[in-house]
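Undergrad: Build me a model from this:
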Amino acid sequence: SAAASRGHRVTLFDAAAEVGGQFNMAKRIPGKEEFHETIRYFKKQLELTGVTVKLGQRAEAKDLLGFDSVVIATGVAPRKLAIPGGDDPKVLSYIDVLRHRAPVGRRVAIVGAGGIGFDIAELLTSPHPPTDKAPGAAPTP
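TA: Alright, predicted model coming up:
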């Protein structure tokens, strides 16, 4: 939206069905519900600045013809666990847990003590189940 607000004609392609990328996973972490508001804010900015948003569309070379510039902002992919057993079905990525809601056992080893590792630990030890609803949102009937 910053480029659009400076007069550029911007088209945003996203293979996902909704904007927000990894914020959509982060908002499920207890204590990080503010990401609902972050996503709402950026969606509104895209609208106000006239960005053309193409959701559910993975950009292909033919889609990019005619643009003066192309910016690659494709997000992050989790690393594979490169140890014996790393390909076992019990080994899950944070995307498996957060986006795909894969079931997790009672005894869990988390490999990685960065932000994502802490977030997964918080999610798994929280007494409150995660929600995709913004704080204060009306309950679904």
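Undergrad: pLDDT score assigned to the residue most central in space within the chain?
TA: Note on the chain: the residue nearest the mean C-alpha position is Gln22, at 1.9 Å, using C-alpha atoms, centre = their mean. As predicted, Gln22 sits at a pLDDT of 91.
Undergrad: Thr49 too?
TA: Reading off the model, Thr49 has pLDDT 93.
Undergrad: got the buried residues for the top helix by length along the chain?
TA: Counting residues, the longest helix found in the chain (DSSP state H) is helix 35-48. Residues of helix 35-48 classed as buried by neighbour count (16 or more other C-beta atoms under 10 Å): 35-36, 39, 46. Backbone N, C-alpha and C define where each C-beta goes, glycine included.
Undergrad: what do you get for stretch 98-116?
TA: Neighbour-count burial for stretch 98-116 [16+ other C-beta under 10 Å]: 98, 116.
Undergrad: what stretches of this structure score poorly on pLDDT?
TA: Flagging of the chain using pLDDT under 70 yields the residue ranges 129-141.
Undergrad: ok, back up a step: what about dumping the CA coordinates of the longest helix of the chain to CSV?
TA: C-alpha atoms of helix 35-48 as CSV (Å, rounded to 0.1, in the frame of the first residue of the first chain):
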residue,chain,number,x,y,z
PHE,A,35,-2.7,-9.5,14.8
HIS,A,36,-6.4,-9.6,14.0
GLU,A,37,-6.3,-5.8,14.1
THR,A,38,-3.0,-5.7,12.1
ILE,A,39,-4.6,-7.7,9.3
ARG,A,40,-7.7,-5.5,9.4
TYR,A,41,-5.6,-2.4,9.2
PHE,A,42,-3.6,-3.6,6.2
LYS,A,43,-6.7,-4.8,4.4
LYS,A,44,-8.2,-1.4,4.7
GLN,A,45,-4.9,0.3,3.5
LEU,A,46,-5.0,-1.9,0.4
GLU,A,47,-8.5,-0.8,-0.2
LEU,A,48,-7.9,2.9,0.4
